[in-house]
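Undergrad: One predicted model, sequence on top.
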Amino acid sequence: MEKVKVDFEACKGCGLCVMACPKKLMQIGSKSNNKGYFVVECSDQNACISCTSCARMCPDSALEVSK
Amino acid sequence: MSKKILMKGNEAIAEGAIRGGCRYFFGYPITPQNEIPEYMSWRIREVGGDYIQAESELAAINMVYGAAGAGARTLTSSSSPGLSLKQEGISYICMAELPCVLVNMTRSGPGLGGIQPSQGDYFQTVKGGGHGDYKMLTYAPSTVQEAVDILYDAFDKSEKYRVPVFILGDGLLGQIMEPVSFKPMKEMPNPNTKDYATTGKHHGKERRIVNSLYIEPEICEPKNLELQKKYKLLEEKETLCEEYLCDDAEIIITGFGTVGRIIRTAVDDLRARGIKVGMIRPITIFPFPGEVYKKYANKQSVKLFLDVELNAGQMIEDVKLNVAGKKPVEFLGRLGGYVVSPEEIIEKVMEVIK
Amino acid sequence: MQTVYKKSEMLTSNPTHYCPGCTHGIAHKLIAESVVELGLMDNVIGVAPVGCAVFAYNYFNCDMQEAAHGRAPAVASAIKRVHKDVAVFSYQGDGDLASIGMAEIVHAATRGENITVVFINNAIYGMTGGQMAPTTLEGQKATTCIYGRQPRSEEGDVVNGNPVRVAELLATLDGPAYIERVMLTDPANVMKAKRAIKKAFEYQMAKKGFTFIEVMSSCPTNWYTSPIDALNIVKTQMIKKYPLGVFKDIGREAK
């Protein structure tokens, strides 16, 4: 199961989650959504510590975190 | 009807609004309407309502927007310069289709002008003082009793059509003392029962949004057309006009508001001299009783119209539009705070019938 | 696995119109989460401003009124007088609150209206395209001060005038119960901002008086920076002019 779930269409690729992740797991991906934004992705779901930092910084509520 | 008591116009109007169910008042001091907020400040709390002396007319009209949007019966009053400041808010209220009642005790202008009676706000009130295509159900009472009776039903009408009801008075109406009687108290309907009101209880349900922003033309035009339809309905249903001794009249004198009572005196005097005069007095100035003017303009016996106003000639444009060139329309106006006298009207009639 | 963070149910499913990285979205979430945590979901009315947040009524999942430019505190005051036990908040930017609406905010505050105002300060007019705001910093460029805001010329004549600190100004009044300035630059500060907003709502529901949270925010688009650089500007430059902290707390004074 994914610990960090990304709402592909809600993400605007702003990168605030990339900055927020203490494990440096978030990155801007290579796929773009219907709005044309390159959507973020979690590079290593297993390494995620579910701290919710990424989701709290996301202005578009595009991230859901599980533990 | 209660027994008659002698009361100042402004205070009677405030009590009339309370009897009509008004429970929220927001206002800012300006002469000659100060007795309305003064009276409201203590009276409205006696009947379970609330009052804010706003920091400005801008704040006051936007408080009306807030309270009306929250489902309450709310009133604000002011005088000409204050109404100028309120125009933006009025435009928002009209687009958001909120019910409320507004009172203007008109003083003379432009600018600070003076504090004596005037009717210089006719254009501002019925031709759109604010931006956009909107109208208000606008009454121009001629006596304190008439004003009180209009206010008694004003909130019901405002809520029925979801338009502001506007009372266009003047300093004379506000300051005069007259015997007046009041009908029994109406309670304000519970705001929570209003289907348009923000009450805070609609999370996850049909949320209530009070708004005047319709940014896409494909939504904004239909919204505007809806408003226009409503104004047409007002024209059909709510037009009010007094006709006095018009049946055999050769000269029709016309005027609105307090000028009506002065015209009436002149008409009686002229009739005593054997001159066939009558009066048309619009009670609503929007909707304007144009049909009444058309009717008399088409009558063989009517020779001319005389329009009397406390301004440089504002309602006369609507009179002429409806008389449509069929009869001459003469004008008598006083400006700057002077109130026209019956003698001046009589003199003018004698002059025009020569 | 259990969900530890998801979109608040106080926010609608509408995607926001805000630019990528704009902190409006974070501030929206904090209000939404605070309202849910305080059990006020079915007891709250919001007032939206004019400016970037003009469409806020599309995003908060509750009854909303859209106010004329700057008049949100007047609208909110009146709503609160009608529904005295309902939480009422206004959400306003710096042009709306600190320029055209300065009278309304000062008077709602000094009357001590039991409302919560969330003030988004990003030192620029965003919606209209980056004009100088009342909070624009000295030296900061905007489309109506293209060489940077200059309060006075060398000769001592006024050029653009000085920026205004609203939290400090309102803290001089007797009506406010709680005033704090926060920023949204990192997860720790976001959590702190949320605690402040939640506390403001708690004070409001206890009828302690006027509550005001100034949220230092960014505008990547009109600052011509990346979202992350914009947050660094908040951290390194803006809070020098607009220091964080609690400017008034009648709960603390009582102790």
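TA: Ah, there it is.
Undergrad: how many other residues sit next to the nearest residue to C:Glu138 once chain neighbours are set aside?
TA: Leaving aside its chain neighbours, C:Glu138 sits nearest to C:Arg149 (5.4 Å; criterion: CB to CB, 6 or more residues apart in numbering or on different chains). Using the backbone N, CA and C atoms, a C-beta is placed for each residue, glycine as well. When neighbours are counted by other CB atoms under 10 Å in any protein chain shown, C:Arg149 registers 21.
Undergrad: my guess is C:Arg149 contacts C:Ala142, does it?
TA: Yes: taking contacts as CB atoms under 8 Å, C:Arg149 lies within contact range of C:Ala142: 7.0 Å.
Undergrad: joint contacts of the two?
TA: Taking CB atoms under 8 Å, 6 or more residues apart in numbering or on different chains as the criterion, C:Arg149 and C:Ala142 both touch C:Met132, C:Thr136.
Undergrad: can you confirm the residue nearest to C:Glu138 is in a strand?
TA: No: under DSSP: H, G, I helix; E, B strand; the rest coil, C:Arg149 sits outside any strand and is assigned coil.
Undergrad: and it, how far is that from C:Gly139?
TA: Relative to C:Gly139, C:Arg149 is positioned 6 Å away (CB to CB, to the nearest Å).
Undergrad: how many other residues sit next to residue 22?
TA: By default, I'm working from chain A. With other CB under 10 Å as criterion, A:Pro22 counts 10.
Undergrad: ah, no, chain C please
TA: Neighbours of C:Cys22 (other CB under 10 Å): 27.
Undergrad: residues touching it, list them.
TA: A:Cys14, A:Pro59, C:Cys52, C:Gly126, C:Ser217, C:Ser218, C:Cys219, C:Pro220, C:Thr221, C:Pro227.
Undergrad: which stretches of the stretch 101-250 of chain C form helices?
TA: In the stretch 101-250 of chain C, the helices defined using DSSP state H, counting those that start in this stretch lie at C:102-111, C:166-171, C:187-205, C:220-223, C:227-233, C:239-241, C:250-254.
Undergrad: oh, I was asking about the stretch 101-250 of chain B
TA: Under DSSP H, counting those that start in this stretch, the stretch 101-250 of chain B gives helices at B:122-126, B:144-161, B:171-175, B:217-237.
Undergrad: Quick one: residues in contact with the first one.
TA: For helix B:122-126, the external contacting residues (CB under 8 Å, 6+ apart) are B:80, B:83-84, B:87, B:104, B:129, B:135-136, B:138, B:166, B:168, B:256, B:285-286, B:288, B:309, B:311, B:314-315.
Undergrad: Which ones among the residues you listed map onto strands?
TA: Per DSSP state E, strands hold the following members of the contacts of helix B:122-126: B:Asn104, B:Thr138, B:Phe166, B:Leu168, B:Ile285, B:Phe286, B:Glu309.
Undergrad: Mind picking the two most distant members of those?
TA: Across these, no pair lies farther apart than B:Phe166 and B:Glu309, at 17.5 Å, counting by CB to CB.
Undergrad: what about the closest residue to B:Ala249 other than its chain neighbours, which SS state?
TA: Spatial nearest neighbour of B:Ala249, chain neighbours left out: B:Gly278 (3.2 Å); criterion: CB to CB, 6+ apart. Following three-state DSSP, we place B:Gly278 in the strand state.
Undergrad: which ones are touching B:Gly278?
TA: B:Glu243, B:Tyr244, B:Leu245, B:Cys246, B:Asp247, B:Asp248, B:Ala249, B:Ile251, B:Ile252, B:Ile253, B:Val267.
Undergrad: residues touching the third one, list them.
TA: B:Leu245 makes contact with B:Val267, B:Arg271, B:Val277, B:Gly278, B:Met279 under the criterion CB under 8 Å, 6+ apart.
Undergrad: can you check the fifth one too?
TA: Under the criterion of CB under 8 Å, 6+ apart, the neighbours of B:Asp247 are B:Gly278.
Undergrad: Let's see that with 10 Å instead.
TA: B:Lys276, B:Gly278, B:Tyr296, B:Lys299, B:Ser301 (CB atoms under 10 Å, 6 or more residues apart in numbering or on different chains).
Undergrad: which of the residues you listed are buried?
TA: Buried members of those, counted by 16 or more other CB atoms under 10 Å in any protein chain shown: B:Lys276, B:Gly278, B:Tyr296, B:Lys299.
Undergrad: For the residue nearest to B:Ala249, list each beta-bridge partner.
TA: Listed by DSSP bridges, the beta-bridge partners for B:Gly278 are B:Ile252.
Undergrad: now it: how far from B:Phe288?
TA: For B:Gly278, the distance to B:Phe288 - CB to CB - is 18 Å.
Undergrad: Ok, B:Met40 next?
TA: As judged by CB to CB, B:Met40 and B:Phe288 stand 30 Å apart.
Undergrad: Let's see the pLDDT reported for residue 20.
TA: All of this refers to chain A. Looking at A:Ala20, its pLDDT is 98.
Undergrad: not quite, I wanted chain C
TA: Per-residue pLDDT puts C:Pro20 at 98.
Undergrad: contacting residues around it?
TA: Contact analysis of C:Pro20 by CB under 10 Å, 6+ apart lists A:11-16, A:35, A:37, A:59-60, C:220-221, C:226-227.
Undergrad: Ok, B:Asp133 next?
TA: B:Asp133 neighbours (CB under 10 Å, 6+ apart): B:Ser91, B:Cys94, B:Met95, B:Asn224, B:Leu225, B:Leu227, B:Gln228, B:Tyr231.
Undergrad: thinking again about what came up before, is it possible to get CSV of the contacts of C:Cys22 that adds pLDDT and distance to chain B?
TA: As requested, the contacts of C:Cys22 are exported to CSV (pLDDT from 0 to 100; distance: CB to the nearest CB, whole Å):
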residue, pLDDT, distance to chain B
A:Cys14, 98, 24
A:Pro59, 98, 22
C:Cys52, 97, 13
C:Gly126, 96, 16
C:Ser217, 98, 22
C:Ser218, 98, 25
C:Cys219, 98, 21
C:Pro220, 98, 23
C:Thr221, 98, 19
C:Pro227, 98, 25
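Undergrad: Tell me the bridge partners for the residue most central in space within chain B.
TA: In chain B, the centroid-proximal residue (CA atoms, centre = their mean) is B:Ile167; its distance is 2.7 Å. Beta-bridge partners recorded for B:Ile167 (DSSP bridges): B:Val103, B:Tyr139.
Undergrad: That one reaches B:Ser158, doesn't it?
TA: No: applying CB atoms under 10 Å, one finds B:Ile167 not in contact with B:Ser158, separated by 11.2 Å.
Undergrad: Residues in contact with both of the two, list them for me.
TA: Residues touching both B:Ile167 and B:Ser158 (CB under 10 Å, 6+ apart) are B:Val101, B:Leu102, B:Met136, B:Leu137.
Undergrad: what's the burial count for the third one?
TA: Right, the one you point to is B:Met136. By the criterion of other CB under 10 Å, B:Met136 has 27 neighbours.
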